[in-house]
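Trainee: Task: produce atomic coordinates for the following.
(one chain, ligands or ions: 2)
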Amino acid sequence: MSILRNFPTSLVLTTGNQTNAAGVTDVNGDGWPDLVLMNNGNSDLSVFLNDEAGGFQVPYTFAVGVSPQQFRVADIDGDGRPDLVSVTSTGIEVTLNRTKK
Ligand SMILES: [Ca+2]
Ligand SMILES: [Ca+2]
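Mentor: Ligands and ions are numbered 1, 2, ... in the order given. Alright, predicted model coming up:
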């Protein structure tokens, strides 16, 4: 497909078990987009911080409730940092972002 000519390489990231949702947000406030993945099989979230060189750092992982289904990004506590709201089989869980800028 000619539209993809300018994407000569792919970046493959190793994720958790049964990754079922992904999002992009600037988790650490450095101006670079970071990746957030939800891993249903591990009941956790993985955050891949942007390495500012076209890739991502080794992920941080945060446990969430059992069998997470989806998440949304919102600044729940109003501190200017994006927080994560997860829907799991047992309820809704809010993970407040304490990443240093
Ligand atoms: Ca960032
Ligand atoms: Ca926040």
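Trainee: Next, count neighbours for the residue lying closest to Gln57 once chain neighbours are set aside.
Mentor: Ranked by CB to CB, 6 or more residues apart in numbering and with sequence neighbours excluded, the top spatial neighbour of Gln57 is Leu49, at 4.6 Å. Backbone N, C-alpha and C define where each C-beta goes, glycine included. If you count neighbours by other CB atoms under 10 Å, Leu49 ends up with 19.
Trainee: so Leu49 touches Asp34, yeah?
Mentor: Yes. Judged on CB atoms under 8 Å, Leu49 makes contact with Asp34 at a distance of 5.0 Å.
Trainee: pLDDT below threshold where in this protein?
Mentor: Along the chain, the parts satisfying pLDDT under 70 run over 1-5, 7-8, 101.
Trainee: near ligand 2, which residues of it?
Mentor: By CB under 5 Å from the ion, the part of the chain that sits against ligand 2 consists of 75, 77, 79, 81, 83.
Trainee: quick one on the thing from earlier: would you enumerate the residues in contact with the residue nearest to Gln57?
Mentor: By CB atoms under 8 Å, 6 or more residues apart in numbering, the residues touching Leu49 are 27-28, 32, 34, 56-57, 60.
Trainee: Kindly report the same for Thr19.
Mentor: 37-40, 46.
Trainee: cool, Val36 as well?
Mentor: 22-25, 27, 45-48, 71, 73, 84.
Trainee: would JSON lines of those residues with secondary structure and distance to Asn97 be doable?
Mentor: Output for those, formatted as JSON lines (DSSP: H, G, I helix; E, B strand; the rest coil; distance: CB to CB, whole Å):
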{"residue": "Ala22", "secondary structure": "strand", "distance to Asn97": "17"}
{"residue": "Gly23", "secondary structure": "strand", "distance to Asn97": "13"}
{"residue": "Val24", "secondary structure": "strand", "distance to Asn97": "14"}
{"residue": "Thr25", "secondary structure": "strand", "distance to Asn97": "9"}
{"residue": "Val27", "secondary structure": "coil", "distance to Asn97": "6"}
{"residue": "Leu45", "secondary structure": "strand", "distance to Asn97": "11"}
{"residue": "Ser46", "secondary structure": "strand", "distance to Asn97": "14"}
{"residue": "Val47", "secondary structure": "strand", "distance to Asn97": "9"}
{"residue": "Phe48", "secondary structure": "strand", "distance to Asn97": "14"}
{"residue": "Phe71", "secondary structure": "strand", "distance to Asn97": "13"}
{"residue": "Val73", "secondary structure": "strand", "distance to Asn97": "9"}
{"residue": "Leu84", "secondary structure": "strand", "distance to Asn97": "7"}
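Trainee: Since that was my last question, I'll sign off now.
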